[in-house]
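> Below is the sequence, then the predicted model.
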Amino acid sequence: MTSRFTELAVDCRDPERLAAFWCEVMDFKVIDRSEGRVEIGSWVPTVEDVRARQMPPTLLFVQVPEGKAVKNRLHLDVSPIDGSTEDEVTRLLGLGATKADVGQGSDRNWVVMADPEGNEFCVLRTLAPQN
């Protein structure tokens, strides 16, 4: 018997808004929604697919009454795939992200940001082919 990492749940005030933000960030689609919950992903999971191989996890945004209070203990890292890290940071700022300071210092090769509800995430080095 074994388990698979199938989804990452994110507590939030506004699941629709946060799901829309992350769909834009990662080119995901809404794959399921119910009252107070929105799930997004790059694929629609089926039991057969998950059993057959490791699949990328989905993100599940769940409405909770309280706001974010402290630095995340778990966060997402994203890597640009078709542009520079700087260009991706600019794009994400335009989508509603902000730069964040979690004590990371200035000697780093990633950018710490926060989504519209303040959840930290990092933009890492680009994976785009370098000319």
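Structure received.
> which helices and strands does the lowest-mean-pLDDT helix or strand in the chain pack with?
Ranking every helix and strand in the chain by mean pLDDT, DSSP states H and E puts helix 47-52 at the bottom, with a mean of 80. Judged by 3 or more C-beta pairs under 8 Å, 6 or more residues apart in numbering; DSSP states H and E, helix 47-52 is in contact with no other helix or strand. C-beta here means a position set from N, CA and C on the backbone, and glycine is covered the same way.
> quick one: contacts of that helix?
Applying C-beta atoms under 8 Å, 6 or more residues apart in numbering, the contact partners of helix 47-52 are 4, 6, 43, 55.
> Quick check: the first one touching residue 53?
No - with contacts defined as C-beta atoms under 8 Å, residue 4 does not count as touching residue 53, sitting 9.2 Å away.
> And those two? Which one has more around it.
Taking neighbours as other C-beta atoms under 10 Å, residue 4 and residue 53 compare with residue 4 leading, 12 against 7.
> tally of neighbours for the closest residue to the more buried one other than its chain neighbours?
Excluding its sequence neighbours, the residue lying closest to residue 4 (C-beta to C-beta, 6 or more residues apart in numbering) is residue 50, at 5.3 Å. For residue 50, the count of nearby residues is 14 (other C-beta under 10 Å).
> what's the answer for residue 72, then?
As a burial measure, residue 72 scores 15 neighbours (other C-beta under 10 Å).
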